[in-house]
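Asker: the sequence isn't on hand, but the structure is:
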Ligand SMILES: Nc1ncnc2c1ncn2[C@@H]1O[C@H](COP(=O)(O)OP(=O)(O)OP(=O)(O)O)[C@@H](O)[C@H]1O
Ligand SMILES: O=C(O)[C@@H](O)C(=O)CO
């Protein structure tokens, strides 16, 4: 029976949490987009449904999450995990608070924990304050995020602006006091009417204690860190290798402009033939695609290739000045089309950098369900798609992975 159903608010967040569950020993299936209500649940210990609900209007995020929850519940899944970003990406109007409230109502649960801490990614919480590495969230680059700027590190305050219900805190000293103390504090908070409890955690051991203490809750919320601990509590079997990676040519598509991706693209450029999509020099979208597709046709089948639009802030500004406000969308669509052409030309290993870009590529390839296999880097697992011609898929969050990730991902690809 499937032990855990996870609703993730974006695609690469979905791969991150799926990797954590697999690492905990669960056979994990990842599905992209809302499942068709009549589609069956594939055989697995844990299923992650990755939505694109992080930055859509709150009402849409609530509806998509509830439909997904109902599908999970209808397929016998009894525990639900709402996965959001370890940097708590959200705004005063949502979507973490409204989605959590809706899932609490749907599961008939009075209270849940709010635990983005993921020490594996350098995200920790202390006295309700979220740290990214050794700085507060509000001092990290997240304060400049274009869609969800995070300027307040106090999650009790942040969440209080997103929900009409009381938000409480489970401080680190209670977490460290052990499972019984955690349970007792949660019971007290629930009896006082608290619906959301922000939980401190600095280490994986803290998360293990929280997971054990909350084993009777039907709904948990947080990052990949707590999900791993929850998975470890229910893991029935040792590590799974899942499916092996399909053999064949490889292609890298990078649309992320985050610092980690720019370094990774530099290393990949030094190793593989590469093509840069540059709206500043080719602002016509059809032209942009046609030129890149022609380059791809010339290079396909002769070893790994890299196609990227990843750019520095100055280059992005020039791109938007030339192509207009739809630049991001056009680039995502273009990389999606190129992914389709690469697969049609024989690519069997597809590596994508960036959450939005991954969404566009997965949609363009029509991939709905994958089995999660070994991680290339922490939070970046290989996935194998189902269907007649399986693909190896690696979807990378913008800030994840070591500098040589893209190069290593092509090891063994032709
Ligand atoms: N040269 C460019 N000029 C303007 N926009 C660009 C350029 N290259 C990429 N973009 C856009 O920047 C956005 C990058 O978002 P994406 O989610 O793919 O990466 P990310 O934010 O680094 O990743 P994550 O969401 O996983 O942290 C995309 O919408 C992409 O189309
Ligand atoms: O939790 C994280 O940091 C990631 O899974 C993510 O969601 C990045 O957008």
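Answerer: The structure has been received and is ready for your questions. Since the model is a prediction, treat every value here as computed from it, not as a measurement. Ligands and ions are numbered 1, 2, ... in the order given.
Asker: next, count neighbours for the nearest residue to residue 1 once chain neighbours are set aside.
Answerer: Among residues not flanking residue 1 along the chain, residue 76 sits closest, at 6.3 Å (CB to CB, 6 or more residues apart in numbering). Placement of C-beta: from N, CA and C, glycine included. Look at residue 76: counted by other CB atoms under 10 Å, it has 10 neighbours.
Asker: ditto for residue 317
Answerer: Here the number of neighbours of residue 317 (other CB under 10 Å) works out to 12.
Asker: swap in residue 158?
Answerer: Neighbours of residue 158 (other CB under 10 Å): 24.
Asker: please name the nearest non-neighbouring residue to it.
Answerer: Nearest non-adjacent residue to residue 158, counting by CB to CB, 6+ apart: residue 152, 5.3 Å away.
Asker: helix/strand/coil for the one you found?
Answerer: Secondary structure state of residue 152, per DSSP: H, G, I helix; E, B strand; the rest coil, is coil.
Asker: that one contacts residue 139, doesn't it?
Answerer: No. In this structure residue 152 lies outside contact range of residue 139 using CB atoms under 8 Å: 11.4 Å.
Asker: which one's more surrounded, these two?
Answerer: Higher neighbour count among residue 152 and residue 139: residue 152, with 18 against 14, using other CB under 10 Å.
Asker: could you pull up phi and psi at whichever residue of the stretch 301-414 of the chain sits closest to ligand 2?
Answerer: At 4.2 Å from ligand 2, residue 397 is the closest residue in the stretch 301-414 of the chain, using CB to the nearest ligand atom. Main-chain torsions, residue 397, degrees, to the nearest 10: phi -60, psi 150.
Asker: looking at this, residue 124 is in a strand?
Answerer: Yes. Under three-state DSSP, residue 124 sits within a strand.
Asker: show me what it is bridged to.
Answerer: On the basis of DSSP bridges, residue 124 is bridged to residue 131.
Asker: would you confirm that it contacts residue 202?
Answerer: Yes. Using CB under 8 Å as the test, residue 124 is close enough to residue 202 to be in contact (4.6 Å).
Asker: residues that sit against both of these two, list them.
Answerer: Applying CB atoms under 8 Å, 6 or more residues apart in numbering, one finds that residue 124 and residue 202 are jointly contacted by residue 117.
Asker: out of these two, which sits in the busier spot?
Answerer: Between residue 124 and residue 202, counted using other CB under 10 Å, residue 124 has the larger neighbour count: 23 against 16.
Asker: residues in contact with the more buried one?
Answerer: Shown in contact with residue 124 (CB under 8 Å, 6+ apart): 117, 130-131, 201-202.
Asker: if you set the cut-off to 7 Å instead, what comes out?
Answerer: 117, 131, 201-202 (CB atoms under 7 Å, 6 or more residues apart in numbering).
Asker: did I read that right, residue 337 in a strand?
Answerer: No. In this structure, residue 337 is helix, not part of a strand, as judged by three-state DSSP.
Asker: state the distance from it to residue 283.
Answerer: For residue 337, the distance to residue 283 (CB to CB, to the nearest Å) stands at 17 Å.
Asker: check which helices and strands the longest strand seen in the chain sits against.
Answerer: Ordering each strand of the chain by length in residues (DSSP state E) puts strand 369-377 first. Secondary-structure packing of strand 369-377 (3 or more CB pairs under 7 Å, 6 or more residues apart in numbering; DSSP states H and E): helix 11-23, strand 28-32, strand 380-385, helix 405-409.
Asker: okay, these in CSV with mean pLDDT next?
Answerer: Shown next, in CSV, are the helices and strands packed on strand 369-377 (pLDDT from 0 to 100):
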stretch, mean pLDDT
helix 11-23, 95
strand 28-32, 95
strand 380-385, 96
helix 405-409, 97
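Asker: kindly present these as TSV, with separate columns for distance to residue 252 and mean neighbour count.
Answerer: Formatted as TSV, the helices and strands packed on strand 369-377 follow (distance: least, CB to CB, whole Å; neighbours: other CB atoms under 10 Å):
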stretch	distance to residue 252	mean neighbour count
helix 11-23	15	30
strand 28-32	19	28
strand 380-385	13	24
helix 405-409	5	23
